[in-house]
Structures are given as structure tokens and as C-alpha cells.
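S.K.: Sharing a sequence plus its predicted fold:
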Amino acid sequence: MNCSFSYTHHIVLHVYQFYFSRLLAIGDISADTGGSIEFMTECTTIDMPFCMYDADQHIIHDSVEGNGILMCSIDNLPAQLPIEATEYFGDLLFPYIEEMLMSDASKPLDQENFSPVVRDAVIASNGTLTPKYKYIQKLRESREYAQLMTVGSKKRILVLGSGYVSEPVISYLTRDPNVEITAVSDNKDQVDHLAKKYSNTTPLEMDVSKSEEKLSSLVRKHQLVVSLLPYAVHPLVAKHCIKNKVNLLTTSYLTPSMRELQQSTEAAGITIVGEMGLDPGLDHMLAMESFDKAKDVGAKVESYISFCGGLPAPECSDNPLRYKFSWSPLGVLLNTIQPATYLKNGEVVNIAAGGSLLESVTDMDWFPGLNLEGFPNRDSTKYAEPYGIQSAHTLIRGTLRYKGFSKAMSGFVKLGLINADPCPLLAMDSPPITWKELLCHLLKIPDTTSVDHVKEAVYNKVGRNDSNMETFQWFGLLSDEPVPVADSIVGALTKHLEMMLSFGPGERDMIVMRNDVGIRHPSGHLESKNISLVVYGEVNGYSAMAKTVGYPAAIASKMILDGEIETKGLVIPSTKNIYGPILERITEEGIFYNTKSTFSL
């Protein structure tokens, strides 16, 4: 980089510390000691043209090795060029000086009225390489990639997302000094915190969904991508992993859009591991361990019922929903309006989308002290084949909450607050709107309606349910408090509830998972096997959700890097070579499960 500065030393130091990756060298054309570049205290020579300035130590040394900014300040450099060459170059340049001086650097290049000569000479415009010079970026990336490939035995992992579960993932992986992490998030504070706390971790602020070209470049430089982003972003990440032949791990369900990538994943010769968390994740592993043991003795699985929930610890469930967020708040709300399908006593049961799920609640009595309820989750029947339990007459997978959650949440659904459609009323450029005004909009009544009449309209909308009304008032949804700016109503509600339902200092969460398996043995005996997993979060430490999602993901990531998982294509943790080591290793992280069996004829 050839620059001439009139900055003070402090500015140069600041540039050095924060932009070193860009500022590599300074060519001081004026060669004025102590002048335009304050730290340039003596000129270099033709014989020794370079020196290095170390801003941390404020010293200049002759060697060009080590940290610092490369300096070139040859005072008689112009004399080294033949005068004829200088005059010739000047004569060629002079006709174009005026149009360059009259140009506006803030305008796009295609809006400038440049002559072909000047246009072809512009290397970069508005921070972007011009089409003719795009090859420079490719050369730079090729060089960086070649350098990365020669770094000994270092294993490079790209971690996307800095939310609830990323810290135990990074903590576990960086125990290996040969692992280097690039942590990417659109939340600069979170990703900077992770980088400061864990060695070999480099932070990068970026919105993955808006920076595809940069994402592809990043993926290419790593051996594994761990995506902890919302599930909707995973197909985008997966396509870049396939393109660059880089393995991928996610903790989310393999959605239909992900499963469409099976063939291209296999063709690329890479592994994409999905459903590697708690639910989905540990639920698969605990189930398959039971199923495989049953098959080993010639038994058949007749029923499988699995429920799991991330909850506040009982002493922290102090709100009308009896709930606090320990994972994606938007996901929690949207799941309440999803459809569900399950198999019970040989019959397929379908629950329609739109909130009917909350009416299909069952009381759970196996931990009576916790006062739990559960409702089905998505399509349970599709697991019969991958689990290898086509013999089962009952197959149910569901979500756990404290009793009262579904009844309270149904009021939000009835009012139309769990709506993911775009809502222009809540856009950034729209006038602010209050919760009361938003309810008037949803109820199709004038926003000038009195508070009492709005309450009456809401009361009627929720079937004159007193409990729902108390919930709305507790959350301030009948007030003149402004609604957060968002793309949708459920997005605004998510932001509002997230502020009110976050874990406070000294509070902890809890994970409860229960698998009930009915196994018919060759003798005719029925084994009722109960597998229970209960994990509490640490006060001022990792949450239970972070541990039970993060550690399985981290362990599996390490297995991929170490060659323990070699299967190509889309993979979930349903085979013994995967679930066996993970179930063994999670106990070392304080995650334990209990198994009990009773037998009957």
C-alpha cells in the first residue's frame, strides 16, 4: 500500500492496532524525517530500502521480519529513475488529470463519464474491486488458502452463531491446542467476548445471510463448519459447504430443503451431520441405544414415547407462562402453531396447524413434583423407518412444559399474535405503534377505542377466559407501551417476551427428557423401559440447554475432525459408531441419564 499521511502518532498507532490486516506497508514518497509520517525518523537507502516500525514498542529496526509496518522512505528515489521515463509518464498522464480531479469518488463507477483509459485504470471503486481487477481477490484468497493448508496439524473450524449454545461448543473444541476457531456472528459484543475468553478463537462480525460471497470464502478456509444459526439458514450454509467440499454440522432438524441436498452432498464427498443437539440429538441416541439392545436379544419394540423440554428450574418459573427462554425465542413461539402427527395404538393422529396443538395437551405424571404437561411435536411417524421400529403400534415425540403453559399461550394464538406474515405497521419507517393500537388493528376496531372497550373485545376473542386476560395484562399487551420494530407480529412479540422472560442473575434452567419404550421379548414378556435425563443449569455458568445441545455438537465435531465419523452424505446420530462414543463422553461433561425397567406378561 503506497500512502502518505499527516496523522499524529496516536492515529497511526490506532490504525496499526485495529487495521493491521489491511495496512502492511507505507511508501513515504516525500521522505521527510519527522514530517508527514511522524514515526519516520530517518530515511532508508537504495541498498537497504526497507525498515520495520513496531508501534507496540515504538521502535524502528532494520530487519523486515516480525511484527510491524514495513517502511520505505528513500530520499533520493526519484533520482534513481531516468528523467526521460519520468517525463514520458507525465506526458501520458497529463491529458487525463482534469477528468480524474472532477470525478466524484462517492458515485458508482458506471455513473462516471470516464474515458476508456481512466476507466480501465480504476482498480477499486467504493470499496469494491472493479470487474477487470476481480482476479486480485481470487489471487489473494488462493494465497491465503495455500498458507492455511501449510500450517502444520492445525484444524480449522468455522462456528456460525454466538447464541445460547455456542460457548460450550467453543470451550470444548479449544481444549485441543491444535484447533483454531473462527467465530462468526452479527452480534459483535457476543463474538468478541467469546474470542477474549477462549484461546485460538478469532471473532468476525458478519450477517451470513447477507454476505454469501464472503461466507463462501470463509468456508473454503476451514475443514469443518458448525452452524448454530436458525434452521432456515442451514440450506444456504450447506450449499457453500458442498461447493467447497467442507464438512458441516448443525443441531437442527434435517428439513426437507436440507434432505434435498443428499445427492449433491454425497457427490461432493463430504459429511453433513444434522440433529446433533438435545432434541433432536440426545433423544435419537438414547432411543437407538435401547432399540439396538432390544434387537440384539431378538426382541421387538412395540411402543416409543419421548418427551423433552427446556424449562426454568421450578423456583424460577414465576410468570404466567411458567417459562423462560433458554434457546431460540422465535422458535419457541412458532412451534406452538405447527401441525403434528403421531401414532397411537395403531392409529395415525393428525393435528392441524394454527394452534390446535395447544389443545392436545396431556398431563405428565412420571415426575409429579414438577407438574408437567406435554404436546406432540412435528411428525413422529416419520421416525419409524430410520429408527427401525416399524413394529411399534405407538410412536409419539413431544414437548414438555409446566402445566398452564399451553392454556396461557393459546390466548396469544387466538389474538393473532403468533403471526409470521410481514406486517408493515411494525416496519422501521412506519410511525410507532402501541400494543393497545396493535390489538385494535388485530380486532378490526378503531385505535381510538377506549381501554375498557378494547379489554372487552379481547375478553370476547379469547372466549372470556380470565386466565388469558391476566396473562395479557402481566405482559403489558393492553398498555400504551410501544411495540418493538420487527418484520412480523410474532417477531415483535418475540422481542417483547425475550426482555421479560430472560434468566436473571442467580437463576437457572432445567432440561427434562423422558423416553418410555415398550419391548416385547421372545419369551413373551413385556419390558417397560424408562430412560430419564434431568439436567440443571449452573448459576452464573452454562445453562442446562447450552450443555445438552452444545456438548453433543462439540463432541461430534471433534469426531468428524478426527475421522471417527466417515459416512458421506446426510447423517443423524442413529448408528452405534456415532451415538456410542457421544453417550459415553457426555458423562465426562456432567450429563447423566438413568434407565429403569419393569417386566410383565
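M.R.: Received it, and whenever you're ready, just let me know what you need.
S.K.: List the contacts of Val462.
M.R.: With contacts taken as C-beta atoms under 8 Å, 6 or more residues apart in numbering, Val462 has the following neighbours: Ser410, Gly411, Lys414, Leu415, Asn468, Met469. (C-beta placed from N, C-alpha, C; glycine too.)
S.K.: nearest spatial neighbour of the third one, skipping sequence neighbours?
M.R.: The shortest distance from Lys414 to any residue other than its chain neighbours is 5.0 Å, reached at Val462 (C-beta to C-beta, 6 or more residues apart in numbering).
S.K.: Could you report the distance from that neighbour to Lys407?
M.R.: Plainly put, Val462 is 10 Å away from Lys407 if you go by C-beta to C-beta, to the nearest Å.
S.K.: next one: Ser430
M.R.: Distance of Ser430 to Lys407, given as C-beta to C-beta: 33 Å.
S.K.: same thing with Arg378?
M.R.: According to C-beta to C-beta, Arg378 stands 22 Å off from Lys407.
S.K.: picking up where we left off before, please say which of Ser430 and Lys407 ends up with more neighbours.
M.R.: Lys407 (18 against 11; other C-beta atoms under 10 Å).
S.K.: Just want the phi and psi numbers for the residue nearest to Lys414.
M.R.: phi -100, psi 20 (degrees, to the nearest 10).
S.K.: With Gly518 instead?
M.R.: Here Gly518 shows phi and psi, under degrees, to the nearest 10, equal to phi -100, psi 120.
S.K.: Name whatever forms a beta bridge with it.
M.R.: Going by DSSP bridges, Gly518 is paired in beta bridges with Ser303, Ser528.
S.K.: That one contacts Thr394, doesn't it?
M.R.: Yes: applying C-beta atoms under 8 Å as the test, Gly518 and Thr394 come out as touching, 7.4 Å apart.
S.K.: Please enumerate the shared neighbours of these two.
M.R.: With contacts defined as C-beta under 8 Å, 6+ apart, the residues adjacent to both Gly518 and Thr394 are Glu302, Ser303, Tyr304.
S.K.: could you pull out the helices for the stretch 151-300 of the chain?
M.R.: Listed from the start of the chain, the stretch 151-300 of the chain has helices (DSSP state H, counting those that start in this stretch) covering 166-173, 188-197, 212-220, 234-244, 256-259, 262-268, 282-296.
S.K.: looking at those helices, which is buried most?
M.R.: With neighbours taken as mean count of other C-beta atoms under 10 Å, the helices of the stretch 151-300 of the chain reach their highest mean count in helix 166-173, at a mean of 23.
S.K.: Any idea how far that one is from the middle of the chain?
M.R.: Going by C-alpha atoms, centre = their mean, to the nearest Å, the spacing between the C-alpha centre of helix 166-173 and its chain's C-alpha centre is 13 Å.
S.K.: which residues are in contact with it?
M.R.: Helix 166-173 is touched from outside by 157, 159, 179, 181, 183, 185, 194, 197-198, 201, 226, 228, 542, 546-547, 550-551, 553-555, 557-558, 589, with contacts defined as C-beta under 8 Å, 6+ apart.
S.K.: So how do I select the buried members of the residues you listed in PyMOL?
M.R.: To isolate the buried ones among the contacts of helix 166-173 in PyMOL, judged by 16 or more other C-beta atoms under 10 Å, type:
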select buried, resi 157+159+179+181+183+185+194+198+201+226+228+542+546+547+550+551+553+554+555+557+558+589
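S.K.: Sort out for me which of the contacts of helix 166-173 are in strands.
M.R.: Under the assignment DSSP state E, the contacts of helix 166-173 contribute Ile157, Val159, Val179, Ile181, Ala183, Ser185, Thr201, Val226 to strands.
S.K.: Now flag whichever of the residues you listed is closest to Leu24.
M.R.: Minimum separation from Leu24 among those (C-beta to C-beta) is found for Thr201, which lies at 23.9 Å.
S.K.: what bridges to that closest one?
M.R.: Each beta-bridge partner of Thr201 is listed here, defined by DSSP bridges: Ile181.
S.K.: Tell me who's in contact with it.
M.R.: Residues near Thr201 by C-beta under 8 Å, 6+ apart: Ile170, Thr174, Glu180, Ile181, Thr182, Ala183, Leu194, Ala195.
S.K.: Of all pairs in these, which one is the farthest apart?
M.R.: Greatest spatial distance in those: Glu180 and Leu194, 13.5 Å, computed using C-beta to C-beta.
S.K.: that older thread, pull up the overlap in contacts between Val462 and Lys407.
M.R.: What both Val462 and Lys407 touch, as defined by C-beta under 8 Å, 6+ apart, is the set Asn468.
S.K.: lowest average confidence, helix or strand, in this protein?
M.R.: Ranked by mean pLDDT, DSSP states H and E, the weakest helix or strand in the chain is helix 9-19, scoring a mean of 47.
S.K.: hang on, the earlier thing: could I get the shared contacts of Gly518 and Thr394 as a markdown table with pLDDT, neighbour count and distance to Pro422?
M.R.: What follows is the shared contacts of Gly518 and Thr394, written out as a markdown table (pLDDT from 0 to 100; neighbours: other C-beta atoms under 10 Å; distance: C-beta to C-beta, whole Å):
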| residue | pLDDT | neighbour count | distance to Pro422 |
| --- | --- | --- | --- |
| Glu302 | 96 | 17 | 47 |
| Ser303 | 96 | 21 | 43 |
| Tyr304 | 96 | 25 | 40 |
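S.K.: Show me the strands in the stretch 501-601 of the chain, by range?
M.R.: In the stretch 501-601 of the chain, the segments counted as strands under DSSP state E, counting those that start in this stretch are 509-520, 526-536, 569-571, 593-600.
S.K.: what's the angle between the lengthiest helix in the chain and strand 509-520?
M.R.: For the chain, the helix with the greatest residue count under DSSP state H is helix 544-561. Between helix 544-561 and strand 509-520, the angle formed by their directions is 70 degrees, by axes from the mean of the first three to the mean of the last three C-alpha atoms, to 10 degrees.
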